[in-house]
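Participant: after the sequence you'll find the predicted model.
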Amino acid sequence: MSATAAAVHSLWTTRALADTAATPAIPTPHIEYAQLSPVLIVFGAAVLGVLIEAFAPRAARYAGQLAVSVVGLAAAFAALVALAADGYAQGRSHVAAMGAVAVDGPALFLQGTIVLIALVATFTFAERRLDPVAHGNRVDSFAAQGSAVPGGEQEQKAVRAGFTTTEVFPLLLFAVAGMMIFPAADDLLTLFVSLEVFSLPLYLLCALARRRRLMSQEASVKYFLLGAFSSAILLFGIALLYGYAGTVSYGGIADVVDGTAKLTPALANTTGNDALLLIGGAMVVMGLLFKVAAVPFHMWTPDVYQGAPTPVTGFMAAAVKVAAFGALLRLLYVVLPGMRWDWRPVMWGVAIVTMVVGAIIAVTQTDVKRLLAYSSIAHAGFLLTGVIAVSPSGVSSVLFYLVAYSFVTLGGFAVVTLVRDAGGEATHLSKWAGLGRRSPLLAAVFAVFLLSFAGIPLTAGFSGKFAVFKAAAQGGAVPLVVVGVISSAIAAFFYIRVIVMMFFQEPQPQGPTVAIPSPLTSTAIALGVAVTLVLGVAPQYFLDLAGKAGVFVR
Amino acid sequence: MSFPLLTVTAVVPAAGAVVTAAVPAARRTAAKWTALAFALATLVLAAVVTARFSPGGARYQLTESHAWITAFGVRYELGVDGIAVVLVLLTAVLVPFVMLAGWHDADPLETSDRRWRPTQGFFALILLVEAMVVIAFESTDVFLFYVFFEAMLIPMYFLIGGFGDQAGAHGEDEQARQRSYAAVKFLLYNLVGGLVMLAAVIGLYAVTAHQLGAGTFSLPQILHDRANGTLTLSTTAERWIFLGFFFAFAVKAPLWPLHTWLPNAMGESTAPVAVLITAVVDKVGTFAMLRYCLQLFPAASKWATPVILVLAVIGIIYGALLAVGQRDIKRLIAYASISHFGFIILGIFAMTSQGQSGATLYMVNHGVSTAALLLVAGFLISRRGSRRIADFGGVQKVAPLLAGTFLVGGLATLSLPGLGPFVSEFLVLVGTFTRYPALGVIATLGIVLAALYVLVLYQRTMTGPVKAGIEGMKDLKVRELVVVAPLIALLLFLGVYPKPVTDVINPAVKDTLSDVHRTDPPPKVTVPAVAAAKENAK
Amino acid sequence: MDPLIGALVGAPLLGAGILLVGGRRLDRTGHWIGCLWAAVSFVIGVVLFADLLSRSPAQRTLTSHLFTWVPVAGFQADVGFQLDQLSMTFVLLITGVGTLIHIYSVGYMEHDENRRKFFGYLNLFLAAMLLLVLADNYLLLYVGWEGVGLASYLLIGFWQHKPSAATAAKKAFLVNRVGDMGLSIAIMVMFTTFGSFAFRPVFAHVGDVSQGRLTTIGLLLLLAACGKSAQVPLQSWLGDAMEGPTPVSALIHAATMVTAGVYLVVRSGAIFNAAPTAQLAVCVVGAVTLVFGAIVGCAKDDIKKALAGSTMSQIGYMMLAAGLGPIGYVFAIMHLVTHGFFKAGLFLGAGSVMHGMNDEVDMRRFGALRTYMPVTFVTFGLGYLAIIGFPGLSGYWSKDKIIEAAFAKGGTEGWTLGAVALVGAGITAFYMTRVMLMTFFGDKRWQPDAEGHEPHPHESPKIMTIPMSILAFGSVFAGGLFSINSAFLKWLQPVTGHSDGHSPVATWEITVATLVVLILGVGLAWQSYGRQAVPAVAPRGSLLTRAARRDLLQDDFNHVVLVRGGEHLTRSLVYLDHTVVDGAVNGTAAGVGGLSGRLRRLQNGFVRSYAVSMLGGTAVLVAATLLMRGV
Amino acid sequence: MNPANYLYLSALLFTIGAAGVLIRRNAIIVFMCVELMLNACNLAFVTFSRLHGNLDGQIIAFFTMVVAAAEVVVGLAIIVTFFRSRHSASVDDADLMKL
């Protein structure tokens, strides 16, 4: 370089040097890539997917995307198992990435669950045997071209050209990555960012249904607006907590709550101000309750579940619950245990309202997807009873319940994709009449799922329900258990109603037909059944697993 | 370890269910025979169990115990006492007859649809119910019991809702509506009961976990720990948990006023299924009262006894009166059963050896007698294609055998001496009378009312001039005779020589009574009864 | 010897089994099989009788313990028999008369296609009746007790195609059940009192028990007796029971079953002796019934119903006697036996008449039959003389003794009871004479039956007349034989015990009095049915007559109070069950549904209202949290 | 001046934003109101950051902006397709699914 330049430079530098002494050096962040590998793998796969969309020829995309997704997810799961095997689940669990992400039992367990769910979801996404062949091209349940106006000229063209929205795979992967971070986030910022990371792709996925596109788009709009609204509230909560503690890391806040952290007296008027803590905490919790679809933040659920493409619905219903409950658990157990006497009664109320309202409204539903939506609300209530029992058994019971619930849900929605008539999926219950006559096997499978939802013994649902209720009772929340029992009685009613429809009613003349799925969907359903029965009859192994994973790092 | 006889006894029918369900649609008859074969195999096993059981011996015999869900403190524990043995045997005896009686009940009307296999389903479900009932009788772990107590609702539900008889008072659609209503009612009623019990079960777990460190459901262990004082239930806790359990059993039994599901269920389902409901599945309820309510919560049981007894007596009279008022044969029998369940519960909670032995014996006798009556009624109904009493008349003229067997079944139901039910009913009454004379006397009114509804039913259906639609009625076929004759023989045997059964039951009852710290009230004049018998016999 | 006792019961039971299980293939021979087994049991009975006679009076009690029936802790029920003079008497009566009636039925039921079944039932009845009288404990007795009830149900309703028969059978069983209730409760009381219900221990410890309890037991036993023996207030079934074939009426509803009540009372003498109140009750019931039955008997035009009324009244005599205690037990049984003869004879006679008259039963359509069926006339006549107590015939010996014993009770009770018994004798004479005259004397009042067949009265076949003659023989001489140096008394005394009460009136006075009322009765009857012609249609008659025709309105009472009331009760209960009990459940379901529908409306599809709920929720959440902390 | 006032301002902005979400029909405007809320949060963050004298708040503010930007991208895409298929951006027209 030239001398003048150097001089100038030196001028700068000297001045810089002059006040480097004043300002402390910012240390270079130290990232434990190995421990974050699962997330990174999924992100990598997602990016790869985007690149494929960008450069690969249309014909090759489907196969490529499918391969990338499956491989990526499988690799991620392998990495998780490796981490767990290295003992990150218990002994070596700690906080990685400068306190941004926790690597501990719950995190790994939930991430594993999410990855598996995503894997199954990928299969359902990739299913191409259900819709009738359009112009010689097999098509899946996603719009030929998301941007095209429904029924418009452009869409016609897209369909004729045999376009398919293979972007769904990268979107799915991004969402999965976000979900994986969400329950592991160890500071509020990460929490917020990961929330958005998995929400935004979901908003888009909701809009991409091939059939009933208006409903799909409407669902997307509703989900988006309400989601944004809720995340704004959550963010404000974060702001207040930050104001309260002067930090957004869980550990830091917890210390302040416990009073172990020493505060600068000058700032005492804001720092450690309980009003900030309580309001902020409540708002953050609300953000999470929105995601888990707890009453009264549940209203988006039925509409979105109904409008979204069924594979997406299944994915959302399963994965979002897992991620959100994970985050909720961490928040309540790591950040706010010190103030459990404040939030526990409130959560009591939420849990009760959620169970009862969810169950009651479901009684009069006439659309399968809406029915399942309300049932998912009721189940959120049951899960909350487990959350409220502030004890390791509470955590493990919730983890177990989440596994049981999510796979059954995936299977259930997968079944829904198979029952079709001219207008696509026949989701109106009246159309399901006599399904047991038409295809006993499918009906039986769905009945198994319903019974599991209803918590009949020997199904996964019962084990899960027993686990959370047990934890709640031991935590002293016996009334909650009683309410839970009553609402599950109400819930049983509408599950039974569907079974009655399927088996005890004469099939209608122009009833729906049952599509023969490819191995992809079959796998999803089979897995659902397997999980239902295994967790129902011999849950011991998984209970142990959840039990081992029941401790948060701090 | 020894041969897991009890497990096998339950597994065989379960396996049978799977096999039967797997039989291809076309091979309907094959499926039937397969199912029957498995049912008979189960019967043999049950007989072996009975043979291996030594009345004088340990309280729970042929026990098996394996860890199941350690996280919930749940063990897979089996074991039978005298009461369980006889009930297992009863179940195993009845199921083959149920199958034979329902041989053609599930033949599909149109054989066009290859995948629709009602016959296979019907028989598979029956076997499934049998398996679950058997394991429920055998389990000595509360949770294990609860699991099957609940799970057996599902196959029952499909049996009721899926295979109603085409003999309703109304049109085909109305028929289907009624049937699914009955099925749903059955399921919800019992499910609610079960869920209430679930809360109680969890409560029990919480208590044991809190006091013993590790929660447990094992009946023997809980009894043992209570005996040596390491486990003590607070009065309130015991009462609440007891109520949770009892509610479920009272629904299942059914005890007045929780009975209304039974008439619908029995009315709408086919006769064999109705038998399965009232003679087999409902017994689990009364059995559970005897095993779980009394043994786990003696104090609470005593506390609740007055109310329960009154309800039971109300049930006896109420059921009988409603039976008199019925226009539908099967509903009439259903209400009669309600009355009989009143007797059983009365006997259980009278807490005397006569009462409880009588109640247990009653479960057996009621099983057999109701089976006989209902199955014959079923043959009758299927012939006429109607359940309405008014549609019958003068049957004895055209089908004397049918009428005769029906009469015998009826006489058993009104507990005529010489037939099984008399012995048990009298034992229950005596057992009640010794401690609660007033209730005993009121309950005795039941025998008059029983005579009334049975004889009225017989008179309206069988006697008088032959009604239109009856003329051509065929008499019992061989298959049907094969079903009825053994049952009647059994009734006679139980009526004339019940000693073998009571010998098995008595020790178990003795233990149960000692659990609740009750002894029989002594007679005013102390004539040592056995001595009296001897003195009398010389 | 003991096993024979079991065989006594076993033989007819076996017969019944063979006949009922055997099925149609036995139709041709069935009736003879039935007779055979009846005869076998009679022979066994005779053998045992001989055996008893060969023993000294004290040793005349045989017991045989077959097996333990129901052993439950203190409750030890055995199947064991006890044969003593009392049961022996019954055994002979039952098997003897039973066998005769079996034979008679061969002829009487000849044209019935279900004859085999009929004999099966008859055998069943014999078995049950023998079990009743041979049981050594009350529970086993109860078995026989209900067993005869069943047999009577089956036989009354034998012609099931006749609704009237079916109804009558049902009624009989139901009324009996009411009585049985008494018996079963009595057994329960015994068990709670003595810890046993076998004859020996119970009777042995009667002394150690309060009189109140014994009275309770006694009254309960009386209730049972009333049911079985058609005593007021449970007598209403006997009249209808005549729907059964006549041999049945003869055997079950005249000779044997209906007398079971008397057996029960006499058998339980030990208890009654210690419970005067109960005894008095028995006397009263007996007295009331003997008048009641007699009055009913006077009014009936149906020959069998008239005889049924007389049966009631005669059993009333026995009850009365049994109620008198040791004074009367023996005579009760004696009258029971003699009554067995002549009443059976009378019924068989009536049956023979009906046989000849196309099953016509209305006496107003008989008349002048003595020439057409002489044998029947003679046997019937002898039975008639016996029952009205014509001096020297059976009835005279037994009935007069009862009247005498009634007076002998002493006090006002004695006088009243005696007087009633005396009057009863008069009425008996009246209605029996009435039956006699209307049936065999006067002019023909025959009318074609429903199908329009003119009746051709003819004597019945030998197979029917021979049993009739034998019974007639019995009804003439039995009483006399029994009374020769009071053999019967000596025979029974060891079991029942006996005491000659001191009668305020001398025996001869009573005899004279009886004769007087007898002549009055006969004369009155001759006055109104012999001298003037009997109208073919019944005249309206006095209020009493009309009431008597309707069994003194007792049925109407039952109908209004019990039947109607019961119907209303059940109907309202059915309604209640549907609306209240079930309604509550369905109501809950409906309630949840309605609530669901209402809550659904909140889900109105508008994003903004969802947002409102979210914001509201947040506000509530925040507020609640703050509230919890109380900031 | 007292930094607390900035907090009051941010709270005010947040409230205005929320009110807008509830009141306005046009999807775009509703969305803008959400953005307003986010910015209110930013203000709060910065203020607190100032109060606490650490930079976390300011950094978060940047993150928020990025996230907001991303939200805009997705949001506008959705809203536009919605508008094109219905020729109306009124959220009240989105009521195909209810009850």
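Facilitator: Thanks, I have it.

Participant: give me the neighbour count for B:Ala489.
Facilitator: By the measure other Cβ atoms under 10 Å in any protein chain shown, the count of residues near B:Ala489 is 11. The C-beta positions use only the backbone N, C-alpha and C, and glycine is treated the same way.

Participant: now the biggest strand by length in chain B: buried residues?
Facilitator: In chain B, taking DSSP state E as the definition, the longest strand is strand B:61-69. The neighbour-count check on strand B:61-69 (16 or more other Cβ atoms under 10 Å in any protein chain shown) flags B:61-65, B:68-69 as buried.

Participant: same deal with stretch D:76-86?
Facilitator: Within stretch D:76-86, the residues scored as buried using 16+ other Cβ under 10 Å are D:77-79, D:81-83, D:85-86.

Participant: export the residues you listed as CSV, with columns for secondary structure, pLDDT and distance to chain B.
Facilitator: Shown next, in CSV, are the buried residues of stretch D:76-86 (DSSP: H, G, I helix; E, B strand; the rest coil; pLDDT from 0 to 100; distance: Cβ to the nearest Cβ, whole Å):
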residue, secondary structure, pLDDT, distance to chain B
D:Ala77, helix, 92, 46
D:Ile78, helix, 92, 42
D:Ile79, helix, 92, 45
D:Thr81, helix, 90, 43
D:Phe82, helix, 89, 42
D:Phe83, helix, 90, 47
D:Ser85, helix, 88, 41
D:Arg86, helix, 86, 42
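
Participant: ranges for the helices of the stretch 251-400 of chain C?
Facilitator: In the stretch 251-400 of chain C, the helices defined using DSSP state H, counting those that start in this stretch lie at C:260-267, C:269-273, C:276-299, C:303-323, C:329-356, C:374-387, C:394-408.

Participant: as CSV, these with distance to chain D would be great.
Facilitator: Rendered in CSV, the data for the helices of the stretch 251-400 of chain C read as follows (distance: least, Cβ to the nearest Cβ, whole Å):
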stretch, distance to chain D
helix C:260-267, 75
helix C:269-273, 78
helix C:276-299, 75
helix C:303-323, 75
helix C:329-356, 80
helix C:374-387, 89
helix C:394-408, 89
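
Participant: the nearest residue in space to C:Gly144 that is not next to it in sequence: neighbour count?
Facilitator: Using Cβ to Cβ, 6 or more residues apart in numbering or on different chains and skipping residues adjacent in sequence, the residue nearest C:Gly144 is C:Leu132, 3.0 Å away. Residues near C:Leu132, counting by other Cβ under 10 Å, number 28.

Participant: now swap in A:Leu533 and tell me
Facilitator: As a burial measure, A:Leu533 scores 15 neighbours (other Cβ under 10 Å).

Participant: in what helix or strand does it lie?
Facilitator: Counting by DSSP states H and E, the element that carries A:Leu533 is helix A:519-537.

Participant: anything in the helix or strand hosting A:Ser488 near chain D?
Facilitator: Following DSSP H and E, one finds A:Ser488 within helix A:478-504. No. Under the criterion of Cβ under 8 Å from any Cβ of the partner chain, chain D is not reached by helix A:478-504; the shortest gap measures 14.6 Å.

Participant: buried stuff in that helix?
Facilitator: When burial is assessed from 16+ other Cβ under 10 Å, helix A:478-504 yields the following buried residues: A:478, A:480-504.

Participant: excluding chain neighbours, what is closest to residue 183?
Facilitator: Here I'm looking at chain A. A:Gly326 (2.5 Å).

Participant: not quite, I wanted chain B
Facilitator: Take B:Ala183 and drop its neighbours on the chain: the residue closest to it by Cβ to Cβ, 6+ apart is B:Gly161, 3.0 Å away.

Participant: give me the pLDDT for that neighbour.
Facilitator: Model confidence at B:Gly161, expressed as pLDDT, equals 85.

Participant: find the closest residue to chain B in the stretch 351-500 of chain A.
Facilitator: A:Pro457 (4.0 Å; Cβ to the nearest Cβ).

Participant: list the contacts of the closest residue to that residue other than its chain neighbours.
Facilitator: Here the nearest residue to A:Pro457 in space, its sequence neighbours aside, is B:Val147; by Cβ to Cβ, 6+ apart that works out to 4.0 Å. Neighbour list for B:Val147: A:457-458, A:462 [criterion: Cβ atoms under 8 Å, 6 or more residues apart in numbering or on different chains].

Participant: just to revisit the earlier point, off-centre distance for the longest strand of chain B?
Facilitator: With Cα atoms, centre = their mean, to the nearest Å as the basis, the distance from the averaged C-alpha position of strand B:61-69 to the chain average is 25 Å.
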